[in-house]
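Asks: take this sequence and fold it.
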Amino acid sequence: MIELNVNGKALSVDADPSTPLLWALRDNLGLTGTKFGCGVAACGACTVHIDGQPKRACVTPISSVAGARITTIEAIESDRIGNAVQDAWVRNDVVQCGYCQSGQVMAATALLRDKRNPSDRDIDQAMSGILCRCGTYARIRAAIKDAAKSLA
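Replies: This is a model prediction of the structure:
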């Protein structure tokens, strides 16, 4: 058993210590908001926060995050910044297919936690590892700026 702190709750996962966090979240804990995209940390659909920092859950073994604070998309609305990002996503009509959106929201939340008024370059850098097959990058940037403005 591996003890994890997920969304503020102490949870036990009965899985091999090398199991990727993504599969422990989805298969063991039923938290399916974190998506599988590529399995090699290239697309960002599986982005979660580990101790407040965005990390790819598909390549993170659960043994490496025992004792860390893990936050998934299911709990991001309880975070003031995460809630502002989600509200801005809706206002700016960002979502098309939606598959990458949990990773996008998690990355944007981490960005705004570190930089309350990010430049276009900051946004591009923070979001560069999250692929959107629908190409809503302009709306994503607008939503991040909108969220930053609402937090000011």
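
Asks: report the contact partners of A143.
Replies: A143 sits next to 85, 88-89, 91-92, 94, 108 when contact means CB atoms under 8 Å, 6 or more residues apart in numbering. From N, CA and C alone the C-beta is placed, and that goes for glycine too.

Asks: tell me how far it lies from L112.
Replies: 11 Å (CB to CB, to the nearest Å).

Asks: identify the contacts common to these two.
Replies: With CB under 8 Å, 6+ apart, A143 and L112 have common neighbours V85.

Asks: before we move on, back to that, check the contacts of A143 and tell me the two furthest apart.
Replies: R91 and A108 (13.5 Å; CB to CB).

Asks: neighbour count for the two, which is higher?
Replies: The neighbour count for R91 versus A108, taken as other CB atoms under 10 Å, is higher for A108 (32 against 13).

Asks: packing partners for the helix or strand containing the more buried one?
Replies: Assigned by DSSP states H and E, A108 belongs to helix 101-114. When contacts are defined as 3 or more CB pairs under 8 Å, 6 or more residues apart in numbering; DSSP states H and E, helix 101-114 packs onto strand 47-50, strand 53-56, helix 80-91, helix 120-127, helix 137-151.

Asks: list the buried residues in the longest one.
Replies: Of all the residues in helix 137-151, those buried under the rule 16 or more other CB atoms under 10 Å are 137, 139-148, 151.

Asks: burial of R121, as a residue count?
Replies: R121, neighbours per other CB under 10 Å, totals 8.

Asks: with the one 4 residues further on instead?
Replies: When neighbours are counted by other CB under 10 Å, Q125 registers 12.

Asks: same question for G37.
Replies: 21.

Asks: for it, give me its contacts.
Replies: For G37, the contact set (CB under 8 Å, 6+ apart) comprises 43-46, 58, 99-100, 103, 131.
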